[in-house]
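In: Sequence and predicted structure are below.
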Amino acid sequence: MKNKKHLLTYLMIFLLAAGELFAGGGNRQGTAGATELMIPVGARGIALGGASMLGINGVDAIYWNPANLARGEHGFEATFSHMTYLADIGVEYGAFGVNLGEFGTLGLAIKSLDIGDIDKTTIINPDGTGQTFAPQYMVLGVTYSKMLSDRVSFGVTANYVSETIDLVENTGFSFDIGVTYKSLGSIEGLSLAIAMKNLGSDMQFDGSGLYIPADAQSTSRGQSNYKIEAATFSLPTTLDIGLGYEYDIDEMNALQVNGVFTNHNYFEDEYKVGVEYGFDNLLFLRGGYTITPELDSDYQVYGLTAGVGLNYDMDGMALRVDYAFRDVDLPGQSENHAISLSVGF
C-alpha cells in the first residue's frame, strides 16, 4: 500500500508539471533548440518506432525511459550504436550502467553528431572562402535509477548539452525523469510508464563569432566591433505516456506490444506503436510506426520502422546485436539505418 501511495504521488507530480509546461505549447511550434536531444539512439528502440518506454531495460533504456535502467539483468552493461541520420549526419552513441545493489543503478551516456566539414561563406565570398569548419554537438548524461518495489522503478537523467558552430558556442543542462509500473491492475505483463524529458532552462549562443565590424551612426570614431545578441531558445520538452503488454506464447515464443503518446511543447502530438516478436530469447523481429494526426501528410517525415536482433548468452556474458531501418520521406534523403552492439555480465 505504501508503494502504491508513492506511485500516485509521482504520477500527480508529473501531471501537475505537464500542465504548467505544456499549456499553450502549440503557440511555440518550431521555436525549440537543442533538437539533438530528440534524435533517437539504439537500434532496438528505433525499430519499435520510438514506442520504447516499456520492454527495453538496462542501459539500452537510458534515452527512452531512465526508470528502466534499474531493471537490467546484469551487474554491468554497455552499449554502442551508430546511425546514419539526415543529410549524411552520423549519430554516435555509447553508454554503460553499473548495478550498485540497494543504492540503485548508475549510468553514463554520451551522444555526438558527426556533421563533417562545412565551407565558410561571407557576404563578400558567398561561394566560400576556401576555409571550412566542423560543428560539434554533444550530449553527456548521468543517470540514477532505482527499484522502489518489485513493480515500481524510478529514474532521473541529468544531461550536459554542448553545441559549437565555428566561433560561437552554447551550453546548458536538461533533465529526464521517468516512472515505470509493471503488472498494472495486477495483470501480469501489463505495464505503464510516464516520462518527462528535456526539462531545463532556456539556452543562448555566445562567442567571438557574434562580433561584427560596423559604423555607429551616433559617433564619429569610425568602424568598431559590435556584438550581435543571439536570441534565447527553449528546450524540446516532451511528456511521454506508455502502455505495454508482454505475452509469453509458450516457452519458445514471446510477443511484446507497446503504445506511446508523446506531447511536445514545440510540435504536434505523436502516437507511436511498436511490436516485437522473440524466439527462444535468441532472435527478435521488430516493427513500428508513428502517427501525427494533426499534421498534414506532406509533413510526415518518418514512416515505417523495422529491425532485427540477435541475443547470445555465453558463460554469464550476454552479447546482443541489433539493426534498425527507418523510412524517411524528404526530398533527396534516404532512409535511416542504425546498428547497436551491447554486452552485459
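Out: Thanks, I have the structure now. Every value quoted in this text rests on a predicted model; they were computed, and no experiment measured them.

In: show me where the stretch 101-250 of the chain has strands.
Out: In the stretch 101-250 of the chain, the segments counted as strands under DSSP state E, counting those that start in this stretch are 105-114, 118-119, 132-133, 136-147, 152-165, 168-182, 190-199, 211-215, 223-227, 238-248.

In: which other helices and strands contact the fourth one?
Out: Right, the one you point to is strand 136-147. Taking 3 or more CB pairs under 8 Å, 6 or more residues apart in numbering; DSSP states H and E as contact, the helices and strands that strand 136-147 lies on are strand 105-114, strand 152-165. Any C-beta I mention is one placed from the backbone N, CA and C, and that applies to glycine too.

In: What residues of stretch 334-345 count as buried?
Out: For stretch 334-345, burial by neighbour count (16 or more other CB atoms under 10 Å) applies to N336, H337, A338, S340, S342, V343, G344.

In: go on, stretch 223-235?
Out: F233, S234, L235.

In: closest to E77 among those residues?
Out: Nearest to E77 out of these is L235 (CB to CB; 27.7 Å).

In: Report the contact partners of the closest one.
Out: A32, G33, A34, L37, G172, S174, N198, L199, G200, S201, D202, M203 (CB atoms under 8 Å, 6 or more residues apart in numbering).

In: Now do the first one, the pLDDT please.
Out: At A32, the pLDDT value in this model is 77.

In: quick one: it from G200, how far?
Out: 11 Å (CB to CB, to the nearest Å).

In: For these two, indicate the residue with more neighbours.
Out: With neighbours defined as other CB atoms under 10 Å, A32 and G200 compare such that A32 has more, 21 against 17.

In: Give me the phi and psi for that one.
Out: A32 adopts backbone torsions of phi -80, psi 150, taken as degrees, to the nearest 10.

In: Could you point out which residue ranges in the stretch 151-300 of the chain have low pLDDT?
Out: For the stretch 151-300 of the chain, applying pLDDT under 70 flags the ranges 217-221.

In: about what we covered before: of all the strands of the stretch 101-250 of the chain, which one comes closest to G90?
Out: Closest to G90 of the strands of the stretch 101-250 of the chain is strand 105-114 (CB to CB; 3.7 Å).

In: what mean pLDDT would you report for that closest one?
Out: Mean predicted lDDT for strand 105-114 stands at 98.

In: about what we covered before: got JSON lines for the helices and strands packed on strand 136-147, with mean neighbour count and distance to D280 too?
Out: As requested, the helices and strands packed on strand 136-147 are exported to JSON lines (neighbours: other CB atoms under 10 Å; distance: least, CB to CB, whole Å):
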{"stretch": "strand 105-114", "mean neighbour count": "19", "distance to D280": "27"}
{"stretch": "strand 152-165", "mean neighbour count": "20", "distance to D280": "27"}
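
In: Dump those to TSV, plus distance to T121.
Out: Output for the helices and strands packed on strand 136-147, formatted as TSV (distance: least, CB to CB, whole Å):
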stretch	distance to T121
strand 105-114	21
strand 152-165	13
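
In: between the ones you listed, which one is nearest to Y312?
Out: Of the helices and strands packed on strand 136-147, the one closest to Y312 (CB to CB) turns out to be strand 105-114, at 23.0 Å.

In: Point out the other helices and strands that the closest one packs with.
Out: By 3+ CB pairs under 8 Å, 6+ apart, strand 105-114 packs against strand 90-99, strand 136-147.

In: Try it again at 10 Å.
Out: strand 76-84, strand 90-99, strand 136-147, strand 152-165 (3 or more CB pairs under 10 Å, 6 or more residues apart in numbering; DSSP states H and E).

In: Dump it to PDB, restricted to CA.
Out: Taking Å, rounded to 0.1, in the frame of the first residue of the first chain, the C-alpha atoms of strand 105-114 are listed here in PDB:
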ATOM      1  CA  THR A 105      21.900   1.700 -10.600                       C
ATOM      2  CA  LEU A 106      24.100   4.400 -12.200                       C
ATOM      3  CA  GLY A 107      24.600   5.000 -15.900                       C
ATOM      4  CA  LEU A 108      26.700   7.300 -18.100                       C
ATOM      5  CA  ALA A 109      25.900   8.000 -21.700                       C
ATOM      6  CA  ILE A 110      27.300  10.200 -24.500                       C
ATOM      7  CA  LYS A 111      25.800  11.100 -27.800                       C
ATOM      8  CA  SER A 112      27.600  13.100 -30.500                       C
ATOM      9  CA  LEU A 113      26.800  14.200 -34.100                       C
ATOM     10  CA  ASP A 114      29.300  13.800 -36.900                       C
END
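
In: quick revisit: mind picking the one among the contacts of L235 that's closest to F279?
Out: Out of these, the member with the shortest distance to F279 (by CB to CB) is L37, at 34.7 Å.

In: Can you report how many residues neighbour the closest one?
Out: L37 has 23 neighbours, counted by other CB under 10 Å.

In: Can you classify it by secondary structure?
Out: helix (DSSP: H, G, I helix; E, B strand; the rest coil).
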